[in-house]
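>>> Structure for the following, please:
(one chain, ligands or ions: 2)
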Amino acid sequence: MKSKSGKRIGIFGFGCVGQGLHDVLQENPHLDVARICVRDQEKLRTLPKHHFTYDAQELLQDESIDLYAELISDPKEALLIVRQALRAGKTIVSANKKMISENLTELVALQEEFGGTLLYEAAVCGSIPILRTLEAYYGNEPLLEVSGILNGSSNYILTKLDAEGISYNEALAQAQALGFAEADPTLDVGGYDTLHKISLIAAHAFGAVVKPEQVLRAGIQHISRKDVALAQALGGRIRLVATAKLNQNNKLELQVLPTLVFPDSELYHVEAEFNGVQLEARYAGDQFLKGRGAGSHPTGSAVWADVSAALAGYKYSYPKFRHNEEGELRPVPVEEDDELKIYVRSTMPEFLPQLPWRELTVFGEGKREIQLVGTIRRKDLLLHLSALKQTIAFIAQLPAHVSAEQVVAASCIALEEAA
Ligand SMILES: NC(=O)C1=CN([C@@H]2O[C@H](COP(=O)(O)OP(=O)(O)OC[C@H]3O[C@@H](n4cnc5c(N)ncnc54)[C@H](OP(=O)(O)O)[C@@H]3O)[C@@H](O)[C@H]2O)C=CC1
Ligand SMILES: N[C@@H](CC=O)C(=O)O
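Numbering: from 1, shown residues only. Ligands and ions are numbered 1, 2, ... in the order given. Model (predicted):
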């Protein structure tokens, strides 16, 4: 049966997201699906073999295809596909945040030069229409802050540790089995995936093209029951929170850090694979968007929304980008001199106190482990973070109102309850 629009789509990838898009398109036959490009010729599929090709060029050189969806798990190959499509002036939708965030300047330039279109709503927060909101609604209004939980897998793991007390490895295995995790789950639990997403948000919200080394990044891979119990004893929860905040110095504060959140924060109530994004705009004030951040149909829905928008002629305009007279993108200054209050538990007792702390309270000291609450300049933490990560260290940001004394007292309560 011919589709309603008579347009043809070529799909790359038939994993969690590719299958999600395919299901949505079967139930809503607005488009004809040309062949689907995958990698593994031996894999058992839910569709007959004739639906597939193993040669990307078969799709990329097919003149009857109107647009593409790039949904593969290999960022290098994804970049080649997207580049070739854009160089041919085609329209392509992608979910690959690593590939797009690391090559954004080039991909924007290719669209300008060859007239093609690249949309990638599915790359940031799954089904939450955050990029469209930043572009279409907040294109003119200055934004002060965009922050939130941007990775479904790590939020799923943190929720399970907190609510069910299962082990970290079991929670990660569940997130993988449910299709939430990246092919390399280090991207999720190490905070890299969140970094890719906040970088894309920074481009659309603040016109900033961010280098990864400008962002303070720590993941959740070394969280222990001790950390979860400590957060609970303080009345809070740990969530992996990304922040892009324009401060009073007109500089961007950028970070991806496990963070202690309390019930008065919307983020406390974001559970399992859900994501939540807080926006603070100069005139609109505060807003909060919440929805499924990962998974087959929620992400397929976001890809479908992009496909429909692209067919209607929609393009990103990057309204916050500012250029100089030579046409070069003006960089947005990044803050380095502010201070952060953090909790650290590390297996390198001798190293931690040597960092240039502004304030420091050490507790839980043992031969093999140390805990502390300290205040440190962002610049210093950025400098020492990679050395700190060589140790088994869990780092979390604490809200300013939580005192070191409260943390030490809560740690005693947590220890008593565990005994
Ligand atoms: N899972 C999720 O919830 C979300 C994922 N994303 C992004 O969507 C993309 C796809 O993720 P997901 O569906 O989870 O991944 P999966 O691992 O489930 O599926 C990946 C698909 O890509 C195909 N593939 C991998 N490498 C190649 C290649 N070189 N050439 C052709 N096909 C290839 C695989 O082929 P084969 O079947 O033969 O192995 C498979 O069909 C990623 O960029 C991911 O970051 C974005 C938002 C949410
Ligand atoms: N692995 C990602 C998938 C969606 O972007 C996540 O867990 O959020």
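>>> Give me the nearest residue to E369, chain neighbours excluded.
Spatial nearest neighbour of E369, excluding adjacent residues (C-beta to C-beta, 6 or more residues apart in numbering): T347 at 5.7 Å. Using the backbone N, CA and C atoms, a C-beta is placed for each residue, glycine as well.
>>> what about the residue of the stretch 151-300 of the chain found nearest ligand 1, neighbour count?
Proximity of the stretch 151-300 of the chain to ligand 1 (C-beta to the nearest ligand atom) peaks at A294, 3.4 Å away. A294 is flanked by 28 other residues according to other C-beta atoms under 10 Å.
>>> Spell out which parts of the stretch 1-150 of the chain neighbour ligand 1.
When proximity is defined as C-beta under 6 Å from any ligand atom, the stretch 1-150 of the chain approaches ligand 1 at 12-18, 37-40, 43, 71-74, 77, 95-96, 122-123, 126.
>>> buried stuff in stretch 182-192?
Using 16 or more other C-beta atoms under 10 Å as the burial criterion, the residues of stretch 182-192 that qualify are 182, 185, 187-192.
>>> ok now it, how far from the chain's centre?
Taking C-alpha atoms, centre = their mean, to the nearest Å, the mean C-alpha location of stretch 182-192 is offset from the chain mean by 10 Å.
>>> Same check on stretch 85-92?
How far stretch 85-92 lies from its chain's middle: 25 Å, per C-alpha atoms, centre = their mean.
>>> and for that stretch, what are the contacting residues?
Residues external to stretch 85-92 that are found in contact with it (C-beta atoms under 8 Å, 6 or more residues apart in numbering): 60, 66-70, 81-82, 107, 110-111, 114-118, 310-311.
>>> Can you find the helix or strand in the chain with the smallest mean pLDDT?
Ranked by mean pLDDT, DSSP states H and E, the helix or strand of the chain with the weakest confidence is helix 378-390, at a mean of 89.
>>> which residues are contacting it?
With contact meaning C-beta under 8 Å, 6+ apart, helix 378-390 is reached by 213, 216-218, 253, 255, 335-340, 342, 344, 346, 351-352, 355-356, 395.
>>> Whichever helix or strand comes after it vs helix 378-390, what angle?
The first helix or strand that comes after helix 378-390 along the chain, using DSSP states H and E, is strand 393-397. Orientation check (axes from the mean of the first three to the mean of the last three C-alpha atoms, to 10 degrees): strand 393-397 against helix 378-390 gives 150 degrees.
>>> so what does the host helix or strand of Y68 touch, helix or strand wise?
Following DSSP H and E, the helix or strand that holds Y68 is strand 67-70. Under the contact criterion of 3 or more C-beta pairs under 8 Å, 6 or more residues apart in numbering; DSSP states H and E, the helices and strands touching strand 67-70 comprise strand 7-12, helix 75-87, strand 91-94, helix 296-311.
>>> which one of those has the most crowded surroundings?
By mean neighbour count, with neighbours taken as mean count of other C-beta atoms under 10 Å, strand 91-94 ranks first of the helices and strands packed on strand 67-70 at a mean of 27.
>>> mind listing what it pairs with, with the direction of each?
Strands adjacent to strand 91-94 in the sheet, as given by DSSP bridges, are strand 67-70 (parallel), strand 117-119 (parallel).
>>> so which of the ones you listed comes closest to A175?
Taking C-beta to C-beta as the criterion, strand 67-70 is the member of the strands paired with strand 91-94 that comes nearest to A175, at 23.3 Å.
>>> Kindly export that closest one (C-alpha atoms) in CSV.
Included here for strand 67-70 are C-alpha records, laid out as CSV according to Å, rounded to 0.1, in the frame of the first residue of the first chain:
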residue,chain,number,x,y,z
LEU,A,67,15.1,11.8,3.4
TYR,A,68,17.1,9.7,5.8
ALA,A,69,17.1,8.7,9.5
GLU,A,70,20.6,7.9,10.8
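>>> What ranges does the stretch 301-419 of the chain have for its helices?
Defined through DSSP state H, counting those that start in this stretch, the helices belonging to the stretch 301-419 of the chain, from first to last, are 378-390, 404-418.
>>> closest one to ligand 1 among these?
helix 378-390 (22.9 Å).
>>> Just read off the phi/psi values of the residue in the chain positioned nearest to ligand 1.
Going by C-beta to the nearest ligand atom, ligand 1 is nearest to G15 of the chain, at 1.7 Å. The phi/psi pair for G15 (degrees, to the nearest 10) reads phi -100, psi -140.
>>> List the residues that contact it.
For G15, the contacting residues are 71-73, 179, taking C-beta under 8 Å, 6+ apart as the criterion.
>>> repeat for L21
Under the criterion of C-beta under 8 Å, 6+ apart, the neighbours of L21 are 11, 69, 71, 300, 303-304, 307.
>>> Then E253?
By C-beta under 8 Å, 6+ apart, the contact list for E253 reads 243-247, 334-335, 338, 378.
>>> just for the stretch 101-250 of the chain, where's the confidence low?
Counting by pLDDT under 70, the stretch 101-250 of the chain has no low-confidence residues at all.
>>> Quick check: the residue of the chain closest to ligand 1 vs ligand 2, distance?
For G15, the distance to ligand 2 equals 11 Å [C-beta to the nearest ligand atom, to the nearest Å].
>>> Look at that residue and report its pLDDT.
According to the per-residue confidence, G15 scores 98 in pLDDT.
>>> With K2 instead?
Reading off the confidence values, K2 has pLDDT 64.
>>> Kindly report the same for F394.
The confidence metric pLDDT takes the value 96 at F394.
>>> Can you verify my assumption that it contacts S224?
Yes. With contacts counted by C-beta atoms under 8 Å, F394 reaches S224, the gap being 6.6 Å.
>>> buried subset of the contacts of G15?
The neighbour count (16+ other C-beta under 10 Å) marks 71-73, 179 as buried among the contacts of G15.
>>> For R35, the count of nearby residues, please.
Residues contacting R35 under the criterion other C-beta under 10 Å number 17.
>>> To which secondary structure element is it assigned?
Using DSSP H and E, R35 sits within strand 31-37.
>>> Give me the contacts around that strand.
With contact meaning C-beta under 8 Å, 6+ apart, strand 31-37 is reached by 2-3, 5-14, 18, 22, 25, 47, 51-56, 58-59, 62, 64-65, 72, 307.
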